[in-house]
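In: sequence unavailable; structure follows:
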């Protein structure tokens, strides 16, 4: 079902990213240069682009090449007052789709089965697409948390719930794809998308599971013990390839049982979460020995903080937090930052209107966080033998 994976530590002086990789490998399709971990990063990033009405939906069995999708995407986003501009999460997204579409390696790949499902009532944010790479296999890319409050709320819900709606939909999506495409399957995603990839592989049917060649988790949160200890998870462990940046925060949340590879990034702190910052070689990600002191500090602090709260306390805190955020009248983080003065004014006003029990929940939970941070401050004083901060 899976192939063995090896790890190598590669040190080079010249910094390179996925844009450099596309220049180096862009004229070589997957039949000439086999799929590698850098291709995983690129195709995982691709699912962040909103391709509604461009890529055929899951119900429509049509396909479109990345080159064709890039043309339609560019045409749409250049329209006056195009709403598509508001969906871009990263400043590099426009350049990214353009270089992908113009390359032979990726431009000829076919896209299909696009899904973008936001359900505020169910607190579900799910999006994915399938990429036919032309080497007899397909890559299923699950989108991570987008800018919507619904997406952020669902991700926070992972702290107290064994499963969230997007995970269950990921299983159904994977099985539908398996019925509609031939050959082996690779599955991947960034952030929550990597979590969905692992969950879908662990709980899909056996026939689909045996077609999975690799599962890529790129700086993704883990799971609760019940999921990790499940038979399905244990059966796919050997397929999982996990990558986290030097100063990872998201990728160390919850529990992980699979080994992870630490990746060098050109950014610092939380900015390292962006796949655009990960440094690469001609066919691999640049590996380093271990995570940074700051990453270990945040990891220990958050794990200790969450362990101190029972599931009910976590749920009440998250509900209280999002009650305050929603008072901003924004629907997404993009809207929140676009008119931050107005949003902040609404939030401050809402703080005076929330009931005393909610205030106590927020105050008590944040006090617990600060106490945990104080207890783990010594981590920042430890000798760091890895890369510099």
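Out: That came through fine. The shown structure was predicted, so the numbers you read here are calculated from the model rather than taken from an experiment. Residues are numbered from 1 along each chain as shown.

In: low-confidence stretches in the stretch 151-300 of the chain?
Out: Applying pLDDT under 70 to the stretch 151-300 of the chain picks out residues 152, 249-258, 291-296, 298-299.

In: go with 90
Out: Low-confidence segments of the stretch 151-300 of the chain (pLDDT under 90): 151-163, 219-225, 244-273, 281-283, 285-300.

In: quick one, strands of it?
Out: Using DSSP state E, counting those that start in this stretch, the strands found in the stretch 151-300 of the chain span residues 184-190, 212-218, 240-245, 260-263, 287-288.

In: and what of the stretch 1-150 of the chain?
Out: 64-65, 110-119, 124-132, 137-142.

In: dump the strands of the stretch 151-300 of the chain to JSON lines, plus distance to residue 131.
Out: (Each C-beta comes from the backbone N, C-alpha and C, glycine too.) Output for the strands of the stretch 151-300 of the chain, formatted as JSON lines (distance: least, C-beta to C-beta, whole Å):
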{"stretch": "strand 184-190", "distance to residue 131": "9"}
{"stretch": "strand 212-218", "distance to residue 131": "13"}
{"stretch": "strand 240-245", "distance to residue 131": "17"}
{"stretch": "strand 260-263", "distance to residue 131": "22"}
{"stretch": "strand 287-288", "distance to residue 131": "25"}
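
In: redo the ones you listed as TSV? Include distance to residue 272 and mean neighbour count.
Out: Output for the strands of the stretch 151-300 of the chain, formatted as TSV (distance: least, C-beta to C-beta, whole Å; neighbours: other C-beta atoms under 10 Å):
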stretch	distance to residue 272	mean neighbour count
strand 184-190	12	26
strand 212-218	12	25
strand 240-245	4	25
strand 260-263	8	21
strand 287-288	12	18
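
In: and the ones you listed: which comes nearest residue 234?
Out: Nearest to residue 234 among the strands of the stretch 151-300 of the chain is strand 240-245 (11.0 Å), distances taken as C-beta to C-beta.

In: next, the angle from the closest one to strand 184-190.
Out: Counting by axes from the mean of the first three to the mean of the last three C-alpha atoms, to 10 degrees, strand 240-245 points 30 degrees away from the direction of strand 184-190.

In: grab the longest helix from the protein for me.
Out: The longest helix of the chain (DSSP state H) is helix 356-375.

In: if you count neighbours, what's buried in that helix?
Out: 358, 361, 362, 365, 368, 369, 372, 373 (16 or more other C-beta atoms under 10 Å).

In: name the nearest of the residues you listed relative to residue 144.
Out: residue 369 (23.7 Å).

In: not counting residues beside it along the chain, what's closest to the closest one?
Out: Distances taken as C-beta to C-beta, 6 or more residues apart in numbering put residue 305 closest to residue 369, at 4.9 Å, once the chain neighbours are dropped.

In: could you tell me how many residues sit around the one you found?
Out: 20 (other C-beta atoms under 10 Å).

In: swap in the one 4 residues further on?
Out: Around residue 309 there are 18 other residues, counting by other C-beta under 10 Å.

In: what residues sit buried inside stretch 126-134?
Out: Applying 16+ other C-beta under 10 Å to stretch 126-134 flags 126, 127, 128, 129, 130, 131, 132, 133 as buried.

In: what residues does it touch?
Out: 29-31, 35, 39, 43, 46-47, 51, 55, 63, 66, 108-117, 138-143, 146, 165-166, 169-170, 173, 177, 181, 193, 196 (C-beta atoms under 8 Å, 6 or more residues apart in numbering).

In: in PyMOL, select just the buried ones from those.
Out: Filtering these down to the buried ones (16+ other C-beta under 10 Å) takes a single PyMOL command:
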select buried, resi 29+30+35+39+43+46+47+51+55+63+66+108+109+110+111+112+113+114+115+116+138+139+140+141+142+143+146+165+166+169+170+173+177+181+193+196
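
In: related to what we said a few turns ago, which one among the buried residues of helix 356-375 gets closest to residue 222?
Out: When the buried residues of helix 356-375 are compared against residue 222 (criterion: C-beta to C-beta), the nearest one is residue 372, at 18.4 Å.
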